[in-house]
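Chemist: Provide a 3D model corresponding to the input given below.
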Amino acid sequence: WESSGDCVITKSGSLLMSARTAGAATTNPDTLVFVDRFSATTATIGPIGFPKVYGLSASFDELFGVTDGGDVILIDAGTGAGTLLFTATGQQVWGAANGD
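Modeler: The predicted structure is shown next:
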């Protein structure tokens, strides 16, 4: 794996990152990956379905992602599957912060 954009620590203490297969094109969809904070080992959670997820936010008991294309997505932390909430047309987003 190589990071495609961001890491986030959830309220339960899990470290999650948006990633792509090492050497893969940046246009390929990202994958949600669990990173063990103590051993640095990883476990694949599942494909997000969106490329360039440059921001992750664990807020309000949800996991959100934002892409450089302005997509704001809700990510299922158990499966990795992303659902488009809306697109901020004409905006690039390069990061996210937790809101609660």
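
Chemist: the most centrally placed residue in the chain: which element?
Modeler: Closest residue to the average C-alpha location of the chain: residue 18 at 3.8 Å, with CA atoms, centre = their mean. Per DSSP states H and E, residue 18 falls inside strand 15-20.

Chemist: residue 85 too?
Modeler: Using DSSP H and E, residue 85 maps to strand 82-87.

Chemist: for that strand, buried residues please.
Modeler: For strand 82-87, burial by neighbour count (16 or more other CB atoms under 10 Å) applies to residue 82. (Each C-beta comes from the backbone N, C-alpha and C, glycine too.)

Chemist: where does this protein dip in pLDDT?
Modeler: Filtered on pLDDT under 70, the chain yields the residue ranges 100.

Chemist: before we move on, the earlier item: now do the helix or strand just after the strand holding residue 18: distance to the chain's middle.
Modeler: Beyond strand 15-20 on the C-terminal side, the first helix or strand identified by DSSP H and E is strand 31-35. Taking CA atoms, centre = their mean, to the nearest Å, one finds the center of strand 31-35 at 8 Å from the center of the full chain.

Chemist: kindly report the same for stretch 14-32.
Modeler: Using CA atoms, centre = their mean, the offset of stretch 14-32 from its chain centre is 8 Å.

Chemist: for the residue nearest to the centre of the chain, give the beta-bridge partners.
Modeler: Going by DSSP bridges, residue 18 is paired in beta bridges with residue 32.

Chemist: quick one: contacts for it?
Modeler: 3-6, 30-33, 48, 53-54, 56, 65 (CB atoms under 8 Å, 6 or more residues apart in numbering).
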